[in-house]
Structure formats: C-alpha cells, structure tokens
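Novice: sequence and computational prediction follow.
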Amino acid sequence: MAKITFIEHNGKEHVVDAENGMSVMETAVKNMVPGIDADCGGACACATCHVYLQGEWAEKLAERSEMEEDMLDFAFEVQDSSRLSCQIRVSDDIDGLVLKVPEKQF
Amino acid sequence: MANQTIETDVVIVGAGPCGLFAVFELGLLDIKCHVVDILDKPGGQCAELYPEKPIYDIPGLPLVTGQELTDRLLEQAAPFNPQYHYNQMVTSLRKLDDGSFELETDGDIQFKCKVVVVAAGGGSFQPKKPPMPSIDDYEGTSVFYSVKRMEDFRDKDILIVGGGDSALDWVNNLQPIAKSMTLLHRRDDFRAAPDSVNKMRELVAAGKMNLHIGQVTNLHGSAGVLSGVTVKSKEGEIEVACNTMLPFFGLTMKLGPVAEWGLNLEENLVPVDTEKFATSEHGIFAIGDINTYPGKLKLILSGFHEAALMSQEAFRIINPGERLLFQYTTSSSNLQKKLGVA
C-alpha cells in the first residue's frame, strides 16, 4: 500500500490509497483523478498519462525505460521530472509519492 | 468531386479487428464489403497503438500480439476478397431515396451501398495538435500536420518538430527544396530509422540544416503567417526563425465526421440495440468500441459477437424476403466452399 498525492493543474489535491502491483496510472483512473487520460489503457503507447514528479521524487523515480523515453516525445512540456504514470509500479517504496498533473494531456 | 463510384453491398468504416471480422461474418452470408480506414494499414488500434504488445483475452489465443491478431483476421477475411481503401477518411454519408447510402472519402472515392457498418473504434486517428499558444491562428497557413504536396513547401523556411519517423522522413525529403530547414526535438536521441537519423546528421554536419534540442514555448507572427518560434532549451531560450512549421507528435483518436452522419450519439459513442447492433438510422450499424449499450464492454471479443449478429440483419436488408439459413462452418459444405476449404 502507498499513499499517492495527485495535484491537478489548478492546485486541487487528490490523496488516494494505491494498491501494490498496480500502476500509478491505474490508481489515478480508479480514483477518478482528472487529467490522466490514459487513451491506450496502459500499453505505453500514447503519452496521455504524463505526470511531473514532485520534490525528492523527481530524483528517486527519475529512471525511464527506453520505450517510455520514446513515448515521452509525444507529450508536451516534458521536463526532467516527467514520467508516464502507467510506467510507475505501486509498491511500499513509493508511499508518499507526490505528482503534478499537466494542464492537459494532448 | 469524386473521381470514381464503387457500388457494393456494404461499406465498413474502420479496418480494426471488428471491421475485419465483420468482413468474414458478412462474407459467409455472401455479402461483399469494401473497407475504408484512415490509417495506411489494417488493424486499427492493434496496429497503430500496440502492434507488439501481447493481448491475452482473445478466446482460444492465450497470447497474441496486436499485429498477429490483425494478420490472422486478414487471412480469415481473405476468401471473401474484400477491398481495402487505406489513407482515407469517410467524410460524408448521405441516405438516398431508395434507402441506400452514398459515402464519400477525402481520397475522392464515392461508394454506393445498401448497408454501412461503423467499426471506427475510438474514431479516426488524427495528428496530435501540440497545445502551443495561438497555434490555431496559423493552422493551414503556416502550421501543417502532414505533407500533402511537397511542392507547397518549396522555398520555405521550415521548422519540423519531433523525433520519430515522420519528422525525420520529412526533414530529409523537404530539405532539398526548402529555403532553410530546422529540426527541433526535445532530446538528442531519435526513435526513427537509423538511416534517416544518419542522413539528417550528415545534413547538419554539412551545414545544410539546423538541429536544435528543446521545446517550443511560443509562436510569433501575424495574420496567420509565422515568423518564428521561441524554443526553450537547456541553454535557455532561443528564437528560431521560420515561416512554416510541421509538428509531428504522433496520432490521437477523434470521433471525426461520424458525428455528422445524423446518428444519435451518447458521449461520442453510437447507441445501438443488442439484437442487431443497429443505430438510430435504418441500414447503419455500429460495432466495436464506437458503440454503446447497457453492459457494453470495450473488448475485441465483444466486437466479434456484435459483428456476427449485425451480419444477420444486414443480410435481411440486402436480401429482402430471402430466408437466412443458420449454418456452422464446421459442418456446412456450402460455407466451406465459400471459405475455399471444401
């Protein structure tokens, strides 16, 4: 179990309980967090579950796979803290994770 | 004006798994199909979004990739000689007085048919529009998402944005005729074919084009004519002059012209009944991800079932008064003959 905080573009926070083994994207969709479109359903094929890691997490979860790096080319305003949330797996290690959702997925 | 008219029993809009299986089910009932798809290949989302990703919930195929499933469906439909029309979007659909339909594509093909099957999934794949401020003002004049005629880009100061095959292909193809060519990508790593990347790098090394690493933050210009863009790079902000920009950020699904065909819609989906998968318009059916009904599951297997039931009713429309004999492919020599196995 991990607690994850999603911060919408307008600053609204959603704190949700995430189940180990699921992806952060699935957690967001399950909890109806706005701004995570996940068009492809988690296949790392669309870049519409783009999030920004906040604070210390930017460094801790910085590592992206090659596939994710490629797919981020399709996202907008990509930063060093950018990740695709379908590629972050929930575990006890990410308890307290804070993420910002971009203004829009495109 | 359309430059050719094709008469057929059924036009299927969408060559995804459900559209392809509909060819098979309709074919068993001797119904001839033409299939139109906006992509340059069959398979729909299976081919465009996840050709190499495994699918685990196709009955009887514990594991199959999107591409394999597409290939198998094409093979299954092949005995019925469907005609596929790729790179085309059905732009208009009109019901004629005799109850048949007239469809037109943006590739100038006109169809006349008795039944239309909308198997358009999430809608049509269209180029992603980057959410850059004021980009709308320049679309069609300075900003283009595809190259229809290369000649239109002669002597332009072109900025291409992106790092995939489309971006690199057009850099290499347009560079010789452009006044200037600049490629902008967010990282110095390209997911395009190595050949095209090498070619681009040679052009850069020879001073024949520019390569910038960064992202566009602002567009400048007036009256729809671009004069340049602001690029945020690791070294700070730079200005890149250009009068033409081609952003290549992949494809997204948009409902598109289906919305204008007079069908009832619910949240961008087409409501159908669960007996015939008929829409609000007699003679038009909707199967697969694009339809909705109580209990709908967006699964490929649901679309297969929908294709089979839809075909029964399509038969009745196409062959009024004729009795439809239910047969199994395992035992019917008639069906086996059609499949070319008897």
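Specialist: Yep, that arrived.

Novice: for the residue most central in space within chain A, what are its contacts?
Specialist: With distances taken as C-alpha atoms, centre = their mean, A:Ser85 lies nearest the centre of chain A, 2.9 Å away. With C-beta atoms under 8 Å, 6 or more residues apart in numbering or on different chains as the criterion, the residues that contact A:Ser85 are A:23-25, A:28, A:36, A:38, A:49-51, A:99. From N, CA and C alone the C-beta is placed, and that goes for glycine too.

Novice: Throw those residues into TSV and include neighbour count, pLDDT and secondary structure, thanks.
Specialist: As requested, the contacts of A:Ser85 are arranged in TSV below (neighbours: other C-beta atoms under 10 Å in any protein chain shown; pLDDT from 0 to 100; DSSP: H, G, I helix; E, B strand; the rest coil):
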residue	neighbour count	pLDDT	secondary structure
A:Ser23	20	95	strand
A:Val24	28	96	helix
A:Met25	25	95	helix
A:Ala28	26	95	helix
A:Ile36	24	90	coil
A:Ala38	19	84	coil
A:Cys49	30	94	coil
A:His50	28	95	strand
A:Val51	28	96	strand
A:Leu99	23	96	strand
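
Novice: which member of those is positioned nearest B:Val197?
Specialist: A:His50 (24.6 Å; C-beta to C-beta).

Novice: wait, the closest one sits on A:Phe74?
Specialist: No. Under the criterion of C-beta atoms under 8 Å, A:His50 makes no contact with A:Phe74, lying 9.0 Å away.

Novice: and chain B, which of its residues are near chain A?
Specialist: Contact residues (C-beta under 8 Å from any C-beta of the partner chain) of chain B with chain A: B:45, B:49-50, B:53, B:122, B:128-131, B:162-164, B:185-187, B:189, B:191, B:215, B:249-250, B:252-253.

Novice: go again with 7 Å.
Specialist: Contact residues, chain B versus chain A (C-beta under 7 Å from any C-beta of the partner chain): B:49-50, B:53, B:128-131, B:162-164, B:186, B:191, B:215, B:249-250, B:253.

Novice: could you flag which of those residues are buried?
Specialist: Under a neighbour-count criterion of 16 or more other C-beta atoms under 10 Å in any protein chain shown, the subset of the residues of chain B next to chain A counted as buried comprises B:49-50, B:128-130, B:162-164, B:186, B:191, B:215, B:249-250, B:253.

Novice: just the closest of these to B:Met310, please.
Specialist: B:Met253 (21.9 Å).

Novice: double-check that that closest one belongs to a strand.
Specialist: Yes. Secondary structure of B:Met253, determined by DSSP: H, G, I helix; E, B strand; the rest coil: located in a strand.

Novice: state the distance from it to B:Phe144.
Specialist: When distances are taken as C-beta to C-beta, to the nearest Å, B:Met253 and B:Phe144 turn out to be 20 Å apart.
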